[in-house]
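K.L.:
My questions concern the predicted model and sequence given below.
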Amino acid sequence: MGRILVEKDVEAAVKGGSVYAAGGGGWADHGRMLGYAAVNVGKPELVSIDELRDEDWIATAAAIGAPASTTPWEMQGIDYVKSVQLLQEALGEKLSGLIIGQNGKSSTLNGWLPSAILGTKVVDAVGDIRAHPTGDMGSIGMAGSPQQMIQTAVGGNRSENRYIELVVKGATAKISPVLRAAADQSGGFIASCRNPLRASYVRTHAALGGISMALALGEAIIAAEKRGGSAVIDAICKTTGGHILAEGVITRKDVVYTKEAFDIGTITVGASEKSVTLHVMNEYMAVDDADGKRLATFPAVITTLSPEGEPLSVGQLQSGMHVFILHVPMEIIPLSASVLDPTVYPVVEKAMGIEIARYALATKA
């Protein structure tokens, strides 16, 4: 049976989601706002995919954009609800559930408020266990599809008259950039509901169990917190099955914000032959050793933790900080169709100037 999500689950989702954010941004406070609003207004329900019928409609609840604290973004909980309503109207049928494109500081909770208000189930499946830079990477195999999709976006800074409601139809690859442009016009961050698909498709293409994995991780973190930072780091490793790949002081940070709204660059941890380099495109996409040998690659989980065990986003990192680098190998996490789709990698490899697909897709061989 489904699990009714309650108040204590909010902090667990935020904390577990923050580890799976893999250095990505998002705001823990935005996640808490969504979660507490949901559990206070209704009874959001987490269900496994097997509790839905094959023909039921499931869409993806997402937040689009890479808002900085410098951009005038404003996103209200009701925007997530309205985006679902607009999608249902365009589809002409009711949605039975929502998945999310990725775990993250707030994205793990994207489906909770619509569930509480509209009754759509929070489906325990994700487009990617961890956060990633492009929507295609969480699109569960739809990135290259010619099939016409529906995507909606709602939100924006009301006081600056930036509020937007948008419904677009077309192939995912062609309409996703339209939503990114809307996010930019709205102030940098917009709520979205996209790509309605049958439950039978989601069952075979999504990473199943992704939300309960984030909740279990958050519960383990909360239980360990009173015993201090090293206990938290141990709990994270034990619960995820990951390990600390490297630790040390940040000796160099070379990350720039591009006009395409991506943070791209490298972060070096440690010195001389002991150093490792984190490759960044919004999130951590790869780690190399001092000789340039690859140690970890997306879709593996790669996260920086403070000595207190707090997941740090790329934006929080500064030279001189001591960090631990968590690596959860891709072999031990559920992988979705979209992270095994060769078409999602060229744009990221071109932007970053490193190879990813060769390592990411090696497990398929």
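P.N.:
Structure's in. What do you need? Here the structure is a predicted model, which is why all the values come from computation and not from measurement.
K.L.:
Can you give me the pLDDT of the closest residue to E225 other than its chain neighbours?
P.N.:
With Cβ to Cβ, 6 or more residues apart in numbering as the criterion, E225 has its nearest non-adjacent residue at 6.0 Å, and that residue is V232. In short, each C-beta sits where N, CA and C put it, glycine included. Note on V232: pLDDT of 98.
K.L.:
which SS class is V232?
P.N.:
Per DSSP: H, G, I helix; E, B strand; the rest coil, the secondary structure class of V232 is helix.
K.L.:
and it, how many neighbours?
P.N.:
24 (other Cβ atoms under 10 Å).
K.L.:
A224 versus that one, what's the distance?
P.N.:
5 Å (Cβ to Cβ, to the nearest Å).
K.L.:
For those two, list the residues in contact with both.
P.N.:
The contact sets of V232 and A224 overlap at G309 (Cβ atoms under 8 Å, 6 or more residues apart in numbering).
K.L.:
Report the mean per-residue pLDDT for stretch 61-81.
P.N.:
On average, stretch 61-81 scores 85.
K.L.:
thinking again about what came up before, surely the residue nearest to E225 touches P307?
P.N.:
No - V232 lies out of contact with P307 (Cβ atoms under 8 Å); the separation is 9.6 Å.
K.L.:
Touching both of those two, which residues are there?
P.N.:
Contact criterion Cβ under 8 Å, 6+ apart; residues shared by V232 and P307: none found.
K.L.:
does E349 count as helix, strand or coil?
P.N.:
Three-state call for E349 (three-state DSSP): helix.
K.L.:
What's the local residue count around it?
P.N.:
E349 has 15 neighbouring residues, counting by other Cβ under 10 Å.
K.L.:
residues in contact with the residue nearest to it when sequence neighbours are not counted?
P.N.:
In this structure, E349 finds its nearest non-sequential neighbour in I356, 5.5 Å apart by Cβ to Cβ, 6+ apart. By Cβ under 8 Å, 6+ apart, the residues touching I356 are M285, A286, T297, F298, Y345, V348, E349.
K.L.:
in the chain, which ranges drop under the pLDDT threshold?
P.N.:
66-70, 363-365 (pLDDT under 70).
K.L.:
for it, what's the longest strand?
P.N.:
Across the chain, the strand with the greatest residue count (assigned by DSSP state E) is strand 243-257.
K.L.:
and after that strand, which helix or strand comes next?
P.N.:
strand 263-269 (DSSP states H and E).
K.L.:
Remind me what that following strand packs against, helices and strands.
P.N.:
Applying 3 or more Cβ pairs under 8 Å, 6 or more residues apart in numbering; DSSP states H and E, one finds that strand 263-269 contacts strand 243-257, strand 276-281.
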